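>>> What follows is a protein structure lacking sequence information:
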Ligand SMILES: Cc1cc2nc3c(=O)[nH]c(=O)nc-3n(C[C@H](O)[C@H](O)[C@H](O)COP(=O)(O)OP(=O)(O)OC[C@H]3O[C@@H](n4cnc5c(N)ncnc54)[C@H](O)[C@@H]3O)c2cc1C
C-alpha cells in the first residue's frame, strides 16, 4: 500500500498549484503530479532560444489580490515588472490610439466622451459579476439554501444597478463586440483595439453573437492594478507560478515532475487513487484534476464510469484552440510606426473588419495573410528575460485553427512568413533584428502543455458553459458525478486566464465538505 494523501492533484498548472496551496494551508497532505518536466503549464516561463525567455500567457489582467495575499506570493518571490501597461492600437500607417483605464489618447472629443461613459458602464457590469468568480457556483435545482442565496444575491446586484443600467446589462451581455463598439464609438482603430479582449481566446470574432461581453467581463475580473489594469509579472508568468509552488511546498505539498497520470482508479464508484504511466498506483482521499474537462473525464476517468448524457455533453464542449503564440529573440528594439517606444501592449489591427476577415479564413481551416495580433516586448520592463541590449517579442496571434487543412507540419513556415510579413508592415525592418523564433500553434500547445485542442480556457468560455454550467451541469461546483473526483483547471468555474480562481474554488469546495 503506497503512502496515503488527502489529495492528489493531476497537473501543476497555476490552478493546480493554487489549489494545492489552499489545501496545504488547511493542513491537508497534498501530492501534485505533473506530466511535464516543468511546473506552470501555459503559465510557465521557458527558455525558447539560448538566453531568451518567455511564457505563453504574458500579462496578468485577471490577477486576484486576495489569492496573492492568502498564499503570501510576494514573500515567495512574486513581483511585477510593470504595474499597468497601456494598450496601443496601431493601424500600420502611423496612426495610434492609446488607452488605459479611464484615459484614451488619439481620438476626437466625441469618442473621448463616449470612452468615459463606456468604461463606467463596463465597470458597473464587472462589479455585478465580481462576487461570482471566486465563489462556488450555485447548482440549478439542487434545493440548497446556500445556492438560493447566491442566485438571490446575484439578482439583487443586477437589480440595484438601477433600472436603465439593468436593462442595458441584460441586453448587452448578449451583444457581439461589433455592436457594442458601433453603439459607442466612431473611430475604427479604437474599436479594433477595444474589441480585442472581447474575443481573444475563444472561437469568436467581432460579429459573433453572444459571449463576447461575458469574455470581456472575465478579463476585467482582476484587481491587482485596479479595474481594467494590465500587470506584467517580473520573470514572465513563471514567477507567479514559482511563487505558488513555493507557497504550497512551504505548507508541506509534494510536487513530482515527469509524472503523467494514466488513469484515475475507481473502486465502488468512488475515485480512490491514480495510476501512473509506469503502473505505479498512488492512493488519496480526493483526486483533483487540473487537466481540461475532456482529458479529465474521457481519458483519465473513462466514459465507462459516467452516464452517457453527461459524456455526450463533455464530448460536445468546444475545445478547438484558435490562438497561436510567437516568441521572437531580437538583437535590437524594433520601431513601431506611430510609437516612440513600444512599451505597452500593442494591438495590430486597423479595424474590426480586418479581425473578422482573419476569423473567416479560420472557419475554412486556413489562416489569413494579414494576422491580427497582440504584441508585448516584456524586456523593456524586465531585464531577467534576455541579455542587455537584446529583446523578447511576445505575440498572441489570431486566428490559427487547431485543425488547419493538411496539418501544421505543412503550414508552419508559411504561417510564420505571414507573421513576419504582418509585423514588417507595423515595424519595418523587424525581420533584420530576429535571431531566433518559436511558434506555438494550438496543436503545439495541445502536445507540449497537454491541453485538449490547445484552447485558452480548456474549452470555450461562453454563456452555455459559464458559472453553474461550467464545464457543464453535473460537474459545476468543482465536483463531478464520481465521488472523490474534482476539477480545478480553467475548464471549471470561473474559467481560463491566469487568476488561480478555479484552483482556489476547488480547494474551498473540499475544505467546506470537511467542515
Ligand atoms: C496562446 C495563449 C496565450 C495566452 N495568454 C494569456 C495571457 O496573456 N494572460 C492570461 O491571463 N491568460 C492567457 N492565456 C490563458 C492561460 O494561459 C490559461 O487559461 C491558463 O494557463 C490555464 O491554467 P490551468 O492551470 O488551468 O491549466 P494549464 O496551464 O493548462 O495547466 C494544466 C497542467 O496539467 C498538466 N497535465 C495535464 N494532463 C496531465 C496528466 N495526465 N498527468 C499529469 N499532468 C497533466 C499539464 O501538463 C499542465 O501543466 C493564454 C492562453 C493561450 C493558449
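Sure thing, it's come through. The structure presented is a predicted model; accordingly, all values stated were derived computationally and were not measured.

>>> For the stretch 101-250 of the chain, which residue gets nearest to the ligand?
Closest to the ligand within the stretch 101-250 of the chain is residue 201: 6.1 Å, counting by C-beta to the nearest ligand atom. For every residue, glycine as well, the C-beta is placed using N, CA and C.

>>> surely that residue meets residue 460?
No: counting by C-beta atoms under 8 Å, residue 201 stays clear of residue 460, with 9.2 Å between them.

>>> The residue of the stretch 101-250 of the chain closest to the ligand and residue 120: what is the separation?
25 Å (C-beta to C-beta, to the nearest Å).

>>> Between these two, which has more neighbouring residues?
Between residue 201 and residue 120, counted using other C-beta atoms under 10 Å, the more crowded position is residue 201 (23 against 12).

>>> Report the contact partners of the more buried one.
Contacts for residue 201 (C-beta atoms under 8 Å, 6 or more residues apart in numbering) come out as 215, 323, 455, 456, 457, 461, 496, 497.

>>> redo that, cut-off 7 Å
When contacts are counted by C-beta atoms under 7 Å, 6 or more residues apart in numbering, residue 201 touches 323, 456, 457, 496.

>>> now residue 395
Contacts of residue 395 by C-beta under 7 Å, 6+ apart are 326, 373, 374, 375.

>>> Check residue 142 too.
By C-beta under 7 Å, 6+ apart, residue 142 has no neighbours at all.

>>> Where does it sit: helix, strand or coil?
The three-state assignment at residue 142 reads coil, by DSSP: H, G, I helix; E, B strand; the rest coil.

>>> Next to the ligand, which bits of the chain? Give me the list.
Listed as neighbours of the ligand in the chain under the rule C-beta under 6 Å from any ligand atom: 10-16, 33-36, 41-43, 56-60, 62, 260-261, 290-291, 295, 323, 325, 396, 445, 449-451, 456-457, 489-490, 496-498, 502.

>>> Give me the buried subset of those.
10-16, 33-36, 41-43, 56-60, 62, 261, 290-291, 295, 323, 325, 396, 445, 449-451, 456-457, 489-490, 496-498, 502 (16 or more other C-beta atoms under 10 Å).

>>> Out of these, which sit inside helices?
14, 15, 16, 445, 449, 502 (DSSP state H).

>>> Look up how far residue 141 lies from the one residue in the stretch 351-500 of the chain that gets nearest to the ligand.
Using C-beta to the nearest ligand atom, the closest approach of the stretch 351-500 of the chain to the ligand is made by residue 496 at 2.9 Å. Plainly put, residue 496 is 27 Å away from residue 141 if you go by C-beta to C-beta.

>>> same question, residue 231
On the measure of C-beta to C-beta, residue 231 and residue 141 end up 39 Å apart.

>>> For the two, indicate the residue with more neighbours.
More crowded of residue 231 and residue 141, by other C-beta under 10 Å: residue 231, with 20 against 8.

>>> need the contact list for the more buried one.
With C-beta under 7 Å, 6+ apart, residue 231 has these contacts: 59, 60, 63, 80, 82, 83, 84, 224, 225.

>>> Which pLDDT value goes with it?
You'll see residue 231 listed with a pLDDT of 97.

>>> got it, and residue 2?
Per the predicted model, pLDDT is 55 at residue 2.

>>> pretty sure residue 180 contacts residue 213?
Yes: assessed by C-beta atoms under 7 Å, residue 180 is found in contact with residue 213 at 6.4 Å.

>>> joint contacts of the two?
Contacts common to residue 180 and residue 213, judged by C-beta under 7 Å, 6+ apart, are residue 172.

>>> Pull up the gap between the residue of the stretch 101-250 of the chain closest to the ligand and residue 147, please.
29 Å.

>>> picking up where we left off before, give me the subset of the contacts of residue 201 lying in strands.
Mapping those onto strands (DSSP state E) picks out residue 323.

>>> can you tell me the helix or strand for residue 393?
strand 391-398 (DSSP states H and E).

>>> just how off-centre is that strand within its chain?
16 Å (C-alpha atoms, centre = their mean, to the nearest Å).

>>> buried set for the helix or strand that that strand is followed by?
Next along the chain after strand 391-398, taking DSSP H and E as the criterion, comes helix 408-426. With burial defined by 16+ other C-beta under 10 Å, the residues of helix 408-426 counted as buried are 408, 411, 415, 418, 419, 422, 423, 425, 426.

>>> Please name the residues that touch the first one.
Taking C-beta under 7 Å, 6+ apart as the definition of contact, the neighbours of residue 408 are 441, 443.

>>> Show the pLDDT at it.
At residue 408, the model reports a pLDDT of 98.

>>> Looks like residue 338 contacts residue 94 (just checking).
Yes: at 4.7 Å, residue 338 counts as touching residue 94 under the criterion of C-beta under 7 Å.

>>> Which part of the stretch 51-200 of the chain gets nearest to the ligand, residue-wise?
residue 57 (3.3 Å).

>>> Roughly how far does that residue sit from residue 44?
Applying C-beta to C-beta, the value for residue 57 to residue 44 is 9 Å.

>>> Repeat that for residue 391.
For residue 391 relative to residue 44 (C-beta to C-beta), the value is 20 Å.

>>> what's the answer for residue 117, then?
40 Å.

>>> same deal with residue 302?
29 Å.

>>> which one of these two has more residues nearby?
A count of neighbours by other C-beta under 10 Å puts residue 44 above the other of residue 302 and residue 44, at 22 against 14.

>>> Now do the end-to-end distance for stretch 296-303.
10 Å (C-alpha to C-alpha, to the nearest Å).

>>> Looking at it now, give me its mean pLDDT.
pLDDT averaged over stretch 296-303 gives 97.

>>> Show me which positions of it end up buried.
296, 297, 298, 299, 300, 301.

>>> contacting residues around that stretch?
Counting by C-beta under 7 Å, 6+ apart, 10, 261, 263, 264, 289, 291, 306, 311, 314, 482, 485, 487 sit against stretch 296-303.

>>> Contacts only, for the first one.
When the contact criterion is C-beta under 7 Å, 6+ apart, the partners of residue 10 are 33, 261, 274, 287, 289, 290, 291, 300.

>>> again, only using 8 Å
Applying C-beta under 8 Å, 6+ apart, the residues near residue 10 are 16, 33, 261, 264, 274, 287, 288, 289, 290, 291, 296, 300.

>>> what packs against the longest helix along the chain?
Counting by DSSP H, the longest helix found in the chain is helix 109-133. Judged by 3 or more C-beta pairs under 8 Å, 6 or more residues apart in numbering; DSSP states H and E, the packing partners of helix 109-133 are strand 103-105, helix 145-159, helix 163-172, helix 177-184, helix 212-219.

>>> Helix 212-219 and that one, what's the angle between them?
70 degrees (axes from the mean of the first three to the mean of the last three C-alpha atoms, to 10 degrees).

>>> Identify the spatial nearest neighbour of the most centrally placed residue in the chain, chain neighbours not counted.
In the chain, the residue lying closest to the centroid (C-alpha atoms, centre = their mean) is residue 497, at 2.1 Å. Closest residue in space to residue 497, ignoring its immediate chain neighbours: residue 62 at 4.2 Å, by C-beta to C-beta, 6 or more residues apart in numbering.

>>> Test my guess that that neighbour contacts residue 499.
Yes: with contact defined as C-beta under 8 Å, residue 62 reaches residue 499; the gap is 3.9 Å.
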